[in-house]
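A.B. asks: this is a predicted model, with the sequence first.
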Amino acid sequence: MHVIILGAPGSGKGTQSAEIVKQFTLEHLSTGDMLRAEISAGSELGLAAKSVMDAGDLVSDDIILGMVENKITANQSGILFDGFPRTLPQAKALDKLLKDADQSIHCVIQLDVDNEEIVERMLARGRADDNEETIRNRLSVYEEQTAPLIAYYRDQNKLSTVLGTGSITDIFARIEKILAK
Ligand code: B4P
């Protein structure tokens, strides 16, 4: 089983992913975490990604696809994709990689949270890329480049939208119901 968790920046993808992998046998693949690990390691890729992330923009599809390809082809159990894909070219490349291995995405969980709550949460989180100007840019980049994935997966009958507000436990209970099917 391969699952995608989709949603605006700060909608709680990472938070819910941590809960999901406790209950389901899925490998957690977070492109955000992978990029932050590259930055911490001071790698060339990390250096290139840092300024893009600090500005609230998306790292290039080539860098992202280069980073995830081996993880996807090596996986045996099923993957929880967190923060990937974030653009239509990434989604199409993922479909192709899985198709070549006779696999596919089973389910896409979209976390629905309004922008005001998102801004509040991210300001409280206080990560390096969590200042108000960057957050506003990330939200508009999301609308332009990532939100079209909602229709992409809805058209394939793979999309489930989950209300992403309330307690972490309540939100997870909503997700668990969908994944248990
Ligand atoms: P990500 O690491 O994916 O992070 P995110 O979208 O900001 O956050 P997420 O939705 O996981 O929210 P979280 O659980 O932390 O991306 C960071 C950057 O990396 C991107 O902007 C981009 O530059 C780059 N990038 C990553 N993947 C890429 C790709 N595929 N292509 C191109 N670029 C890519 O939750 C947010 C906060 O809310 C936390 O403080 C949490 O504690 C709190 N929270 C969570 N649930 C809550 C709840 N129910 N109630 C109250 N607070 C809650």
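C.D. replies: Happy to help now that I have it.
A.B. asks: quick one, phi psi at the residue in the chain that the ligand sits nearest to?
C.D. replies: Residue nearest to the ligand within the chain (C-beta to the nearest ligand atom): G32, separated by 1.8 Å. Quick note: C-beta positions are derived from backbone N, CA and C, even for glycine. Phi and psi for G32, reported as degrees, to the nearest 10, are phi -60, psi -50.
A.B. asks: G78 reaches H2, doesn't it?
C.D. replies: Yes. With contact defined as C-beta atoms under 8 Å, G78 reaches H2; the gap is 5.6 Å.
A.B. asks: number of nearby residues for the residue nearest to N75 when sequence neighbours are not counted?
C.D. replies: In space, and not counting its chain neighbours, N75 is closest to E27: 5.6 Å by C-beta to C-beta, 6 or more residues apart in numbering. Counted with other C-beta atoms under 10 Å, the neighbours of E27 add up to 16.
A.B. asks: okay, E27: pLDDT?
C.D. replies: Turning to E27, the model gives it a pLDDT of 96.
A.B. asks: which residues does it form a beta bridge with?
C.D. replies: With DSSP bridges applied, E27 shows beta-bridge pairing to I79.
A.B. asks: that one contacts I79, doesn't it?
C.D. replies: Yes. Counting by C-beta under 8 Å, I79 is a contact partner of E27 at 5.1 Å.
A.B. asks: who touches both of the two?
C.D. replies: K71 (C-beta atoms under 8 Å, 6 or more residues apart in numbering).
A.B. asks: mind listing the strands for this structure?
C.D. replies: According to DSSP state E, the chain carries its strands in the segments 3-7, 27-30, 79-82, 107-112, 159-163.
A.B. asks: would you list those in a markdown table and tack on distance to S51?
C.D. replies: Shown next, in a markdown table, are those (distance: least, C-beta to C-beta, whole Å):
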| stretch | distance to S51 |
| --- | --- |
| strand 3-7 | 24 |
| strand 27-30 | 20 |
| strand 79-82 | 23 |
| strand 107-112 | 27 |
| strand 159-163 | 33 |
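A.B. asks: for these, which one sits closest to G56?
C.D. replies: Evaluated with C-beta to C-beta, these place strand 3-7 nearest to G56, the distance being 15.9 Å.
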